[in-house]
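1. just a sequence and a predicted model for now, questions to come.
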Amino acid sequence: MNMSEVINDIKLLNGLNTIALPFKQPVEVVIREALQISIRTFSRFKPIQKDGIVSRKHLRSPSPLDASRGIYILPPELTTSPVQDAYVYLANHNGERHEQMTTSFAIGSPFVGFGSYGPQDMINATHTGAAVNKYAGVTTRTPTSKWLGSNKFQLFDFPEDAWCHIIAKCGYDENGEEIEESCVESFMELANLDVQTVMYNNLKNMNNVGGAFKEVQLKIDEWAGAAAARKELVDKWTNVFHMDDIDLIQFF
């Protein structure tokens, strides 16, 4: 997304090219500052995803105690903008993400090695299957992770020599250039309301608005409902944004 184009479009949409606003700063600066609110809000609903593959052995921990608990710090290349959340998956060394592979034998089926399903056979098979799995070093627990905030995460049931596929959900930087073109229309809807809200809040209490600024007064009246419209838009996004994120979908 090109921020200069966004600013020009907002000026055009609001007729700001033809009126003089009583600001000390150029209107472009006021709009750019208002857009920082839009970028932070939009980042919550459609964060940018940054990912990397790293060996667990190469991850840094805040302290030796944290290392013993599987607590690590995100690699610096994933934290160039504020991180909201992060997930870690078990991966092959070549970067391919995979789930732990199990078979009926590996998961300790109660019928391992038995052709009969009698009660005693089932009891024997349960103990035998568990013993086989213990001997083979196989576990049925899937490696998982937990986001701890402040660029820290915790690993559970990851092998010591595991390769970790880390996916971080981050906010956009202040220029918003990483916002995808397919999302620009949605961002513009929010941005336009943020600019109108900021303009209204800055102008409504100015004593010198009127007389020579009749056109500005009309804009103030026009922008009076921007805050309510913004809240309605954010509420709508809050109800549906999780549908775009498979990690937030729960299956029953």
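-> Here it is on my side, so go on. Numbers count the residues shown, from 1 in each chain.

2. can you report how many residues lie near the residue nearest to Leu74 when sequence neighbours are not counted?
-> Nearest-residue entry for Leu74: Asn151, 4.7 Å, with adjacent residues in sequence omitted and distances by C-beta to C-beta, 6 or more residues apart in numbering. In short, each C-beta sits where N, CA and C put it, glycine included. Asn151 sits with 18 neighbouring residues when counted by other C-beta atoms under 10 Å.

3. quick check: the gap between Asn151 and Ile166.
-> 11 Å (C-beta to C-beta, to the nearest Å).

4. and for those two, which residues touch both?
-> Contact criterion C-beta atoms under 8 Å, 6 or more residues apart in numbering; residues shared by Asn151 and Ile166: Leu74.

5. the residue nearest to Leu74 contacts Glu77, correct?
-> No. If you go by C-beta atoms under 8 Å, Asn151 and Glu77 don't touch, sitting 11.9 Å apart.

6. hmm, back to that, contact partners for the residue nearest to Leu74?
-> Listed by C-beta under 8 Å, 6+ apart, the contact partners of Asn151 are 73-74, 79, 83.

7. identify the bridge partners of the residue nearest to Glu77 when sequence neighbours are not counted.
-> Using C-beta to C-beta, 6+ apart and skipping residues adjacent in sequence, the residue nearest Glu77 is Gly52, 6.3 Å away. Counting by DSSP bridges, Gly52 forms beta bridges with Ile166.

8. in the helix or strand harbouring Tyr87, which residues are buried?
-> Tyr87 belongs to strand 83-91 when elements are defined using DSSP states H and E. Applying a neighbour-count criterion of 16 or more other C-beta atoms under 10 Å, one finds 83, 85-91 buried in strand 83-91.

9. now do that strand: which elements does it pack against?
-> Packing contacts for strand 83-91, counted by 3 or more C-beta pairs under 8 Å, 6 or more residues apart in numbering; DSSP states H and E, involve strand 144-149, strand 152-156, strand 163-170.

10. any idea of the angle the first one forms with strand 163-170?
-> Our comparison of strand 144-149 with strand 163-170, counting by axes from the mean of the first three to the mean of the last three C-alpha atoms, to 10 degrees, yields an angle of 40 degrees.
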